[in-house]
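Undergrad: give the three-dimensional model of this entry:
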Amino acid sequence: MESVINNIIIVGGGTAGWMTAATLLSQFPNKKITLIEAPNISNIGVGESTVAGGQSGFNGIINWLNMVNIKEDFMRHTDAIHKLSIAFEDFYYKDSGRFHYPFGVPYTLNHTSKMNDWYFKKIRYPKTPVSDYADCLYPAMALVNQNKSLFSEHFSAEHGRLELEKDSEKNQVQLLSQYSYQLDATKLGIWLRDYYCKARYAKNFTHILAEVKDIPLNEDGIKHLVLDNGQKLTADLFIDCTGFRSLLLGQTFKVPFNSLEKLIPNNTAWATKIPYTNPEKQIVNYTNCTAIENGWVWEIPLWSRMGSGYVFSDKFISTEDALKEFKRCLIKKGYENVEDLEYRLIPMRCGAHSQLWIKNTCAIGLSAGFIEPLQSNGLHSTHEFIFNLVRTLARGRINQWDRHCFTANCHYDFNRFAALVALTYTLSHRDDTEYWREIQNRDCPNVLEPQVGWGYPTVFYQKMIQGEFDKMGAFHCMAAGMNWNPMDIHRLKYLDKFNDYNDKHDSCIALLNSRKKKWNEDVKDFMSPYQYLKKYIHRD
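TA: Alright, predicted model coming up:
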């Protein structure tokens, strides 16, 4: 079956539906786009954190915003703030402390590709905390550690990359960073609906508030949709954005779902919204993830409130006891009136369908697949799958090869991100509860089998064989935080290189320390995130 696609129907609103509509309207202004949204079905609406682009082969939210020509005026409508990093607390072992994965490429010594300079510091001074890794390699950590805004009168922003010019005559760039956003996903969908799709593309766009009641099939796929208002709608392509229900791909076509339960331990989350008591201190430019008894707790500061949730497995704890653990964690963190908050239980379907485009139907967002909230991958998978969709549609005519390529590309993006998330658990040494002991003792995938995903065979080779991690991506930060280092004193001695490095590492260590000190000095007078956002973004 080969087809020309000019008429597209998106089933489901939410963030995935409206991001899909916005992208299709902007990239294909001559196509007819219809979005059908059930008025009585609520959205998940807790995807509040995003990741930056360019640092790992992942394109990132900045790239998507640039592609669809959305400027930062969306921030004040979506409760958004800037984000520089993801923090991981107590993941290595209980009470092990916090380490960061900042966005961007690490600032290695003399801008070389060598990544092992910090490990020489760790070898020479074994008590060096693992948090020092990011502090020495990422200038943005000076902002994170002092809670300073990434923008000031000295900064110029372009496509998610920031440069602080301290000496223009010498053309030296002293501070580099990439950023993303923390935002209210529900408000983003509403803003895309009202200020983007309807405002910019009213001519070719139709929004229908109705529920799909029947989906008859024929040899080409979906014959038409029958709505509860009596309408029958046909299209060249139907896009499933119905969330975990997966109304089209899962319920109608019965496409098999491949679970991630062997790699990802969690399947449920409690979520809540916490009012600020001191936004000056509570609004920080990173997402915090804290491992506790049976999972982990996220804290995502937005402009008007904190978003928080507890991701856990109901195989190890009941939902009622998990809520008690969540509340105890919030109290321990200093939040007030915890019993008065509203809590929402969210069952999660972690995995992906084996086919993401079947006949005249494809899926975007949670209806296609979901990993779990760690590493802020929910919205990321959405815009990456959309990117693959528009590249497929750009060919003009679609056949089975194009459908297979779309599925394969989405699976590639999905599986390597899933491997990164899974490795966060694999490297943990927590053993204080049955939950963590099971993770400690579960069988690991054969690292030499490429079908287990991009992450396992790659990092195995880089650490055990190559002795150096790739500077692209998040994994080297995660490995340093979990004390899984590619270079150690025993490797140096075995390779008979210890004496060669012994004369050099003192100067490397001195440079790392002096550079970290200078970065902290450079930003000490910057505004706080709260003050910057109040003055320039969320002004009254």
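Undergrad: can you pull the contacts of Tyr101?
TA: 85-88, 134, 474, 477-478, 481 (Cβ atoms under 8 Å, 6 or more residues apart in numbering). C-beta coordinates here come from the backbone N, C-alpha and C atoms, glycine included.
Undergrad: what about dumping the CA coordinates of stretch 4-16 to PDB?
TA: The C-alpha coordinates for stretch 4-16 follow below in PDB (Å, rounded to 0.1, in the frame of the first residue of the first chain):
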ATOM      1  CA  VAL A   4      -0.100  10.400  -0.600                       C
ATOM      2  CA  ILE A   5      -0.800  12.000   2.700                       C
ATOM      3  CA  ASN A   6      -2.600  15.400   2.600                       C
ATOM      4  CA  ASN A   7      -5.300  14.900   5.200                       C
ATOM      5  CA  ILE A   8      -4.200  14.000   8.800                       C
ATOM      6  CA  ILE A   9      -6.300  13.400  11.900                       C
ATOM      7  CA  ILE A  10      -4.700  13.500  15.300                       C
ATOM      8  CA  VAL A  11      -6.700  11.600  17.900                       C
ATOM      9  CA  GLY A  12      -6.100  13.000  21.400                       C
ATOM     10  CA  GLY A  13      -5.000  16.400  22.700                       C
ATOM     11  CA  GLY A  14      -2.600  16.800  25.600                       C
ATOM     12  CA  THR A  15       1.000  17.800  25.100                       C
ATOM     13  CA  ALA A  16       1.700  15.100  22.500                       C
END
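Undergrad: tell me which of the contacts of Tyr101 is nearest to Thr242?
TA: Ile86 (28.7 Å; Cβ to Cβ).
Undergrad: hang on, that closest one in a helix?
TA: No: looking at Ile86 with DSSP: H, G, I helix; E, B strand; the rest coil, it is strand, so not inside a helix.
Undergrad: output the below-cut-off pLDDT ranges for the stretch 101-250 of the chain.
TA: 109-114, 152-177 (pLDDT under 70).
Undergrad: sheet-wise, list the partners of the helix or strand where Cys289 lies with their directions.
TA: Using DSSP states H and E, Cys289 sits within strand 286-292. Neighbouring strands of strand 286-292 in its sheet, by DSSP bridges, are strand 85-89 (parallel), strand 295-301 (antiparallel).
Undergrad: the ones you listed: which one's closest to Trp18?
TA: With Cβ to Cβ as the measure, strand 295-301 is the member of the strands paired with strand 286-292 nearest Trp18 (20.2 Å).
Undergrad: for Leu248, which of the strands paired with strand 286-292 is the nearest?
TA: Minimum separation from Leu248 across those (Cβ to Cβ) falls at strand 295-301, 29.9 Å.
Undergrad: how far off centre is that closest one?
TA: Its chain's C-alpha centre and that of strand 295-301 lie 13 Å apart, by Cα atoms, centre = their mean, to the nearest Å.
Undergrad: list the contacts of that strand.
TA: For strand 295-301, the surrounding residues in contact (Cβ under 8 Å, 6+ apart) are 48-49, 81, 91, 182, 265-266, 282-284, 287-290, 306-313, 322, 326, 329-330, 333, 373-374, 435.
Undergrad: now swap in stretch 324-334 and tell me
TA: 270, 274, 290, 292-294, 297, 299, 308-310, 312, 317, 338-339, 343.
Undergrad: that older thread, from the contacts of strand 295-301, list just the buried residues.
TA: 48-49, 81, 91, 182, 265-266, 282-284, 287-290, 306-313, 322, 326, 329-330, 373-374, 435 (16 or more other Cβ atoms under 10 Å).
Undergrad: so which of those residues are in strands?
TA: Here DSSP state E is the test, and the buried ones among the contacts of strand 295-301 give 81, 182, 287-290, 306-312 as lying in strands.
Undergrad: dump these to a markdown table, plus distance to Trp357.
TA: Compiled in a markdown table, these are given as follows (distance: Cβ to Cβ, whole Å):
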| residue | distance to Trp357 |
| --- | --- |
| Ile81 | 35 |
| Gln182 | 31 |
| Thr287 | 32 |
| Asn288 | 37 |
| Cys289 | 33 |
| Thr290 | 38 |
| Met306 | 38 |
| Gly307 | 33 |
| Ser308 | 36 |
| Gly309 | 31 |
| Tyr310 | 35 |
| Val311 | 29 |
| Phe312 | 33 |
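Undergrad: which element follows the host helix or strand of Phe387 toward the C-terminus?
TA: Assigned by DSSP H and E, Phe387 belongs to helix 378-393. Scanning forward in sequence from helix 378-393 by DSSP H and E, the next helix or strand is strand 397-398.
Undergrad: what helices and strands are in contact with that following strand?
TA: Contacts defined by 3 or more Cβ pairs under 8 Å, 6 or more residues apart in numbering; DSSP states H and E place strand 397-398 against strand 3-4.
Undergrad: quick one: strands adjacent to the strand it packs on?
TA: Applying DSSP bridges, strand 3-4 is found paired with strand 397-398 (antiparallel).
Undergrad: the next helix or strand after the partner strand vs strand 286-292, what angle?
TA: Going down the chain from strand 397-398, the next helix or strand is helix 400-426, by DSSP H and E. Angle between the axes of helix 400-426 and strand 286-292 is 60 degrees (criterion: axes from the mean of the first three to the mean of the last three Cα atoms, to 10 degrees).
Undergrad: buried set for helix 400-426?
TA: 402-403, 406-407, 409-411, 413-426.
Undergrad: what's that helix packed up against?
TA: strand 351-353, strand 357-358, helix 378-393, helix 455-460, helix 475-481.
Undergrad: between the longest one and helix 400-426, how big is the angle?
TA: Angle of helix 378-393 versus helix 400-426, following the same axes, to 10 degrees, is 160 degrees.
Undergrad: return helix 378-393 as PDB; C-alpha atoms alone will do.
TA: What follows is helix 378-393, C-alpha atoms only, in PDB (Å, rounded to 0.1, in the frame of the first residue of the first chain):
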ATOM      1  CA  GLY A 378       8.700  11.800  28.400                       C
ATOM      2  CA  LEU A 379       8.500  15.000  26.400                       C
ATOM      3  CA  HIS A 380      11.800  14.200  24.800                       C
ATOM      4  CA  SER A 381      10.400  11.000  23.200                       C
ATOM      5  CA  THR A 382       7.400  13.000  22.000                       C
ATOM      6  CA  HIS A 383       9.300  15.600  20.000                       C
ATOM      7  CA  GLU A 384      11.900  13.100  18.800                       C
ATOM      8  CA  PHE A 385       9.100  10.800  17.400                       C
ATOM      9  CA  ILE A 386       7.500  13.900  15.900                       C
ATOM     10  CA  PHE A 387      10.800  14.800  14.200                       C
ATOM     11  CA  ASN A 388      11.000  11.300  12.700                       C
ATOM     12  CA  LEU A 389       7.400  11.600  11.500                       C
ATOM     13  CA  VAL A 390       7.900  14.900   9.600                       C
ATOM     14  CA  ARG A 391      11.100  13.500   8.000                       C
ATOM     15  CA  THR A 392       9.100  10.500   6.900                       C
ATOM     16  CA  LEU A 393       6.200  12.600   5.500                       C
END
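Undergrad: stretch 183-191: how far from the chain's middle?
TA: On Cα atoms, centre = their mean, the centre of stretch 183-191 falls 16 Å from that of its chain.
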